[in-house]
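K.L.:
got a structure for you, letters missing:
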């Protein structure tokens, strides 16, 4: 079921529509320029951009484009029935949603990298596409250039997927890596990331964990075959992280990462995004700078991990084009229609409240250095069934009135931990709200 | 182009043929038992084993099977036209080749995990399959359960793939890991691997690098879109590796791995398998025990890595079933026919002789501890354009007549290095042939 019919095959030229000629859109043009011949040799068909729809068609582009194919009018693309595949790279969830709907209704398969759009409106858009016998392909929405979506959806289809652990935001990983490796504080690391192009001028979406949540909603819904709504994902970002906690963690053998975690258990699915300490021996610990990686645990395959650049012009455009090609091969539509793992085809996941998860915890308390303080807060922890596995108290200079105490706990219930922290904060001997970072152990492979 | 026609869809039961009920074959049955319901829900169709062909049908199996579907006669499967997908898990290259041909000629798509068969006879078998409009799917042939073949073939199709670096043999990686982490010598590590089921009674195929070469032939042919014949791959195994070299390497910041390396350069393709030192910061360095991983470098996507269990019953069966499902979806045939990267559809790769590659080298010489020795062998290296970046000479006990000298070189030509080693070996002050391990730096991402 090749999308290109025999007539097309003869001419061997396949027109593509592109909406949004920004960073990634220009990457698509750049790859077609760079690798077009090779792709044509592999596919027996040449892809070319027939229409580029761009709001500001007259601005200067890094990757030059034939002005004759550029227009600010979406209708030019919608009205051309020869174009059967269109790429949406506008971003955001308002205009982009409207564009995707129009593209589908005008009879085009859609490729998008827009995770916010799919996390919020995936169900509605997938339904619409099905109605028109079209597909939406979205490999580029999660993990940039990593062939992640299709590996989970098809490559691991025979598995009952038990858990995914992802580093899914290059900005956060870049910042945490430079804090960890170069000892920079958060503000310095952020502004350097901005200067290097690894963080936006307004980094809120990234550093607050929102972008990561979008990706987790998409991936966990697909992995578990149950709809995990974006609203059910609890998210904490990295903007409150202090360098001293990264350093204490390092001494204890841990590396801090912003993790997207989806776990399927008998009593429900947890989906959460938060800073976490992972062991330095966990393969995720080696994922540095702007790189992304996702560990996926299947009940047959065990632990698999997918690693690569999670953002950037060329890597993301690589994933966009892999979708375009998969649509042309007829595979994408087939998968979209026949593999019932997308949120419009599955039941909502039973969500386990975050208070009910269990975790080990790292906690740093700033305490007044006097006898009996330790007993005060360990009593509170004990009362809530939280036991300690390690305590570090450094000798500070004699003048210090307030000193840090770092503790590691055994597994405890999240709800209990949060209650304990609130109680500990109220102690007179405790100077500020304790810092609490979840310690995420490697998932057991075959259980 | 669903393989299952409408009539099949109604009954929603898809019969599968399986040839060879050994370790992996029983894994296929185990997964269908364990995850069959879930797969059926995702696919809207239930897979079941209709015929299991097994040479010794009366032996005891770990995974019990209905005796009524087991036969020692291949013909039972060949003569059943309702079975459109068959799995070959016999292994070897003689009987298996005959079986695959018969399956294709009787109108069945074939799934195989047999890397030796494909490395030696892929071209012939792929041609035959094309003639009969059938496909051969082989995700399980390389990297066990890792969705590797399809990630390279489809996920990265828009890339000009420049290089692949793989840890592709779980036996070797298990042995090297226990040598490195537990200080065991090769013989001890091997016999422990055998006791644990991670090495065969006759480990030749694994430890000599032959199995890894088969996988490299398959992956590099596909990655580069040029046929890389198994005969063109130079292979060294791990059976000569001494623990002291692993330890010296570790002191210098390196971890030893058996690497499969395929690199595409302007003057040709190199494909080689040998023990190598990789930096402890290279993500491949963290791949421990029976795990496999492959780093793939594309000119658009940059560095990607795929990690997981490279062998074993359930992981390999997971990949086998992903192929079965991809055939049922109609995708596998479409990819097989339309993506021209398999050796029967491409030109032979221009192979660059191994003598012409350049590498950095680790070398250990056992020298007589007297003045002037260093000058002797460094003169020889210099004569062949090999310069040193580091020299380590330990003070040994006064009685030692022969002491180790470890050197690291800058980049040098392989042919020169081999000539130099032969000349150095002849020096009177050198007690034995120097040990030489290539140091493989991380590939530059965007060049």
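P.N.:
That came in fine, so what should we check first? Treat the numbers as computed from the prediction; the structure is a model and nothing was measured.

K.L.:
Now do the buried residues in stretch A:421-440.
P.N.:
Neighbour-count burial for stretch A:421-440 flags A:421, A:423-424, A:427, A:429-431, A:434-440 (criterion: 16 or more other CB atoms under 10 Å in any protein chain shown). Placement of C-beta: from N, CA and C, glycine included.

K.L.:
would CSV of the residues you listed with pLDDT and secondary structure be doable?
P.N.:
Converted to CSV, the buried residues of stretch A:421-440 look like this (pLDDT from 0 to 100; DSSP: H, G, I helix; E, B strand; the rest coil):
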residue, pLDDT, secondary structure
A:421, 97, helix
A:423, 97, helix
A:424, 96, helix
A:427, 95, coil
A:429, 93, coil
A:430, 94, strand
A:431, 91, coil
A:434, 96, coil
A:435, 97, strand
A:436, 97, strand
A:437, 98, strand
A:438, 98, strand
A:439, 98, strand
A:440, 98, coil
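
K.L.:
near chain B, anything from stretch A:62-75?
P.N.:
No: judged by CB under 8 Å from any CB of the partner chain, stretch A:62-75 makes no contact with chain B; its nearest approach is 12.7 Å.

K.L.:
The nearest residue to residue A:284 once chain neighbours are set aside and chain B, how far apart?
P.N.:
Leaving out its chain neighbours, the residue that sits closest to residue A:284 by CB to CB, 6 or more residues apart in numbering or on different chains is residue A:278, at 5.3 Å. Distance from residue A:278 to chain B, counting by CB to the nearest CB, to the nearest Å: 12 Å.

K.L.:
what sits against residue A:278?
P.N.:
For residue A:278, the residues meeting the contact criterion (CB atoms under 8 Å, 6 or more residues apart in numbering or on different chains) are A:254-257, A:259, A:284-285, A:440, A:442.

K.L.:
show me the contacts for residue A:372.
P.N.:
residue A:429.

K.L.:
Which members of the buried residues of stretch A:421-440 are the farthest-apart pair?
P.N.:
Greatest spacing in the buried residues of stretch A:421-440, by CB to CB: A:429 and A:440 (29.9 Å).

K.L.:
Please state the offset of stretch A:430-447 from the chain centre?
P.N.:
Relative to its chain's centre, stretch A:430-447 lies at 20 Å (CA atoms, centre = their mean, to the nearest Å).

K.L.:
neighbours around residue A:404, how many?
P.N.:
As a burial measure, residue A:404 scores 18 neighbours (other CB atoms under 10 Å in any protein chain shown).

K.L.:
For the stretch 301-447 of chain A, which residues are neighbours of chain B?
P.N.:
Proximity of the stretch 301-447 of chain A to chain B, by CB under 8 Å from any CB, involves residues A:301-309, A:312, A:314-315, A:317-319, A:321-322, A:325-326, A:329-331, A:334-335, A:338-341, A:446.

K.L.:
Out of those residues, which sit inside helices?
P.N.:
Among those, the ones falling in helices (DSSP state H) are A:314-315, A:317-319, A:321-322, A:325-326, A:331, A:334-335, A:338.

K.L.:
Farthest pair within these?
P.N.:
Most distant of these, by CB to CB, are A:314 and A:338, 31.4 Å apart.

K.L.:
which one of these two has more residues nearby?
P.N.:
Taking neighbours as other CB under 10 Å, residue A:314 and residue A:338 compare with residue A:314 leading, 25 against 19.

K.L.:
I figured the more buried one hits residue B:301, correct?
P.N.:
Yes: with contact defined as CB atoms under 8 Å, residue A:314 reaches residue B:301; the gap is 7.0 Å.

K.L.:
still on that earlier bit, the helix or strand containing the residue nearest to residue A:284: what's the following helix or strand?
P.N.:
Assessed by DSSP states H and E, residue A:278 sits inside strand A:268-279. Downstream of strand A:268-279, the first helix or strand assigned by DSSP H and E is strand A:291-298.

K.L.:
Hey, what's the angle from that next one to helix A:313-328? Just curious.
P.N.:
40 degrees (axes from the mean of the first three to the mean of the last three CA atoms, to 10 degrees).

K.L.:
So which other helices or strands are in contact with strand A:291-298?
P.N.:
Applying 3 or more CB pairs under 8 Å, 6 or more residues apart in numbering or on different chains; DSSP states H and E, one finds that strand A:291-298 makes contact with strand A:161-167, helix A:170-182, strand A:302-309.

K.L.:
For it, which strands pair with it and how are they oriented?
P.N.:
In the sheet, strand A:291-298 lines up against strand A:161-167 (antiparallel), strand A:302-309 (antiparallel) (DSSP bridges).

K.L.:
got those strands as CSV, with mean neighbour count and mean pLDDT columns?
P.N.:
Formatted as CSV, the strands paired with strand A:291-298 follow (neighbours: other CB atoms under 10 Å in any protein chain shown; pLDDT from 0 to 100):
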stretch, mean neighbour count, mean pLDDT
strand A:161-167, 25, 98
strand A:302-309, 26, 98
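
K.L.:
a markdown table for those strands, including distance to residue A:45?
P.N.:
Putting those into a markdown table (distance: least, CB to CB, whole Å) gives the following:
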| stretch | distance to residue A:45 |
| --- | --- |
| strand A:161-167 | 34 |
| strand A:302-309 | 26 |
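
K.L.:
wait, which of the ones you listed is closest to residue A:32?
P.N.:
Per CB to CB, nearest to residue A:32 of the strands paired with strand A:291-298: strand A:302-309, 19.2 Å.

K.L.:
Tell me who's in contact with the closest residue to chain B within the stretch 1-150 of chain A.
P.N.:
Nearest to chain B in the stretch 1-150 of chain A, going by CB to the nearest CB, is residue A:147, at a distance of 2.6 Å. By CB under 8 Å, 6+ apart, the contact list for residue A:147 reads A:139, A:306, A:319, A:322, B:147, B:150-151, B:154-156, B:304.
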